[in-house]
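# Here's a sequence, model it:
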Amino acid sequence: MGAMWKSPTGANAFYRAALANLVVPLDSIRSEQLTVVLGDLARRHPARVFRIQRAPSGPGAGAGAARLTARATALCHIREGRPGFVCSEQIVLEWTDASASLVPSAVRSLLIGDLPVILLSLAPAPDPSWLATLATKVDLVIADSCVEEEPAALIEIWERTGRSGAPMRDLAWARLEPWRALLAELFDAPDAARALGSLRDLTIAHGGAAPPSTVWLLAGWLASRLSWRLEGRDGARWRFRSGHGPVDVVIQRNEGESASILQWAHLRAGGAHPLDVRIVHKSRGTTALVEWLSPRRETVTAPFGYRELAAAIVGEIQRQEPNPAFQDSSRIARAMIEA
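Numbering: from 1, shown residues only. Alright, predicted model coming up:
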């Protein structure tokens, strides 16, 4: 590895940088897609990146042998406003079933000792056998519940919060930030603020075969912020009780959208302060439509702070404080799934 860092001088010089050890288990399905993400992530937050993947199988590959191999490369980008390149180390570890138990110790032996260790878990279940052991030895776990489709798998991810002393962040919660900002801004308006206590109906629509985790977390967030208490479930309708009466939460599948995304949210309130408003966002769009049906009729375009995956990961790495809003939201989301 030392020879790799023999740098030229001048405009072509490169500088090694690392703010963390970033451990990334990869599966064969998402490996190529996440290669691009890791490059962007290293540009935004330099790190020693550990790509951990199963050794290729096939004739002569010796997949049944206790084989654990490593090779080092670099992820480099041009320095902003200055000549030369900033580079992160990338260590590729390949394992077989027979050598799986050796992965945690191999990673620990290659860590930069004085930097935090972050486990980036972006592959759907089932996890490799060694992952649970490694998760107990890190400073932070960043998961992505959006890669899961089974509700039981979502519950398992959310229950990891604080397990074994390692904090957990969910990238699905980071994706909800623009939704939460839009709803908070919506209720800053006087006519909408007066309707908060009389909300009676929330419908959330999604694409894909099953509700993504963002749908459950958005419902949980509103319920936790407004002190709704879950009373029961009837199919895709959940009955809550607020301080002002019953509230129905409906999760609805949009047959015309194949992508597993949160598509729109529709809120209604009755009584002395009626409200009927729907927020619609298209995948990866930087704006959303806010459709007012009551107390006025208008459609406005609002900024939607969509962030690429690498930017969302960096945001969670840099979050220092506990996140009680996420914990409350995921607790109610779990209760909805289990109802």
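# ok, and what's touching stretch 244-256?
Defining contact as CB atoms under 8 Å, 6 or more residues apart in numbering, one finds that stretch 244-256 is touched by 197-209, 211, 215, 219, 223, 228, 231, 236-241, 263, 336. The C-beta positions use only the backbone N, C-alpha and C, and glycine is treated the same way.
# Give the buried residues for that stretch.
For stretch 244-256, burial by neighbour count (16 or more other CB atoms under 10 Å) applies to 247, 249-253.
# And for stretch 131-139?
Within stretch 131-139, the residues that count as buried by 16+ other CB under 10 Å are 131, 134-135, 137-138.
# need these in TSV with secondary structure and pLDDT, can you?
Formatted as TSV, these follow (DSSP: H, G, I helix; E, B strand; the rest coil; pLDDT from 0 to 100):
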residue	secondary structure	pLDDT
Leu131	helix	85
Leu134	helix	85
Ala135	helix	83
Lys137	coil	84
Val138	coil	89
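# and whichever strand or helix holds Val277, average pLDDT?
Assigned by DSSP states H and E, Val277 belongs to strand 275-281. The average pLDDT within strand 275-281 is 94.
# pLDDT weak spots in the stretch 101-250 of the chain?
125-126, 161-166 (pLDDT under 70).
# Swap in 90 and give it another go.
By pLDDT under 90, the weakly predicted segments of the stretch 101-250 of the chain are 101, 113, 121-138, 147-153, 155-168, 186-198, 208-209, 243-244.
# Would you map the strands across it?
117-121, 140-143, 168-170, 199-206, 229-234, 237-242, 245-253 (DSSP state E, counting those that start in this stretch).
# Glu89: which of those is closest?
strand 117-121 (14.4 Å; CB to CB).
# Looks to me like Glu321 is in a helix.
No - under DSSP: H, G, I helix; E, B strand; the rest coil, Glu321 sits outside any helix and is assigned coil.
# So what's the residue count around it?
Counted by other CB atoms under 10 Å, the residues lying close to Glu321 total 5.
# Model confidence score at it, please.
In this prediction Glu321 is given a pLDDT of 81.
# and if you look at Ala63?
48.
# quick one, helices of the chain?
Counting by DSSP state H, one finds helices in the chain at the ranges 31-44, 103-110, 131-135, 151-158, 171-175, 177-186, 190-193, 213-225, 309-318, 324-338.
# Next, the contact list for the closest residue to Ala18 other than its chain neighbours, please.
Spatial nearest neighbour of Ala18, excluding adjacent residues (CB to CB, 6 or more residues apart in numbering): Arg48 at 5.0 Å. Residues near Arg48 by CB under 8 Å, 6+ apart: 18, 20-22, 88-91, 110-112, 115.
# Most neighbours among these, please name it.
Busiest of the contacts of Arg48 [other CB under 10 Å] is Leu22, holding 27 neighbours.
# Give me the nearest residue to that residue, chain neighbours excluded.
If the residues on either side of it in the chain are set aside, Leu22 comes closest to Ala47, at 4.1 Å by CB to CB, 6+ apart.
# May I ask you to confirm that the one you found is in contact with Ser88?
Yes - contact criterion CB atoms under 8 Å: Ala47 and Ser88 qualify, at 5.6 Å.
# Need the residues touching each of those two.
Contacts common to Ala47 and Ser88, judged by CB under 8 Å, 6+ apart, are Ala18.
# so Pro274 touches Ser294, yeah?
Yes - using CB under 8 Å, Pro274 is in contact with Ser294, at 5.0 Å.
# Show me what Ala288 bridges to in the sheet.
Assessed by DSSP bridges, Ala288 has beta-bridge partners His281, Ala302.
# OK, contacts around it?
178, 182, 279-281, 301-304.
# does Phe240 really touch Leu230, like I thought?
Yes - contact criterion CB under 8 Å: Phe240 and Leu230 qualify, at 5.6 Å.
# neighbour-wise, which of those two wins?
Of the pair Phe240 and Leu230, Phe240 is the one with more neighbours under other CB under 10 Å, namely 23 against 18.
# quick one: that one from Ser105, how far?
Distance from Phe240 to Ser105, counting by CB to CB, to the nearest Å: 48 Å.
# Quick check: of the contacts of Ala288, which has the highest neighbour count?
His281 (21 neighbours).
# any idea how far it is from Cys87?
In terms of CB to CB, His281 sits 37 Å off from Cys87.
# got it, and Ser109?
22 Å.
# more neighbours, these two?
Cys87 (21 against 8).
# And for the more buried one, nearest residue in space, chain neighbours not counted?
According to CB to CB, 6+ apart, the nearest residue to Cys87 is Cys76 (4.1 Å).
# same deal with Trp216?
Per CB to CB, 6+ apart, closest to Trp216 is Ala333, 3.8 Å.
# which residues touch stretch 271-282?
Counting by CB under 8 Å, 6+ apart, residues outside stretch 271-282 touching it are 178-179, 182-183, 186, 191-192, 194-195, 198-199, 262-269, 288-295, 302, 304.
# count of neighbours near the residue nearest to Cys87?
Neighbour tally, Cys76, other CB under 10 Å: 17.
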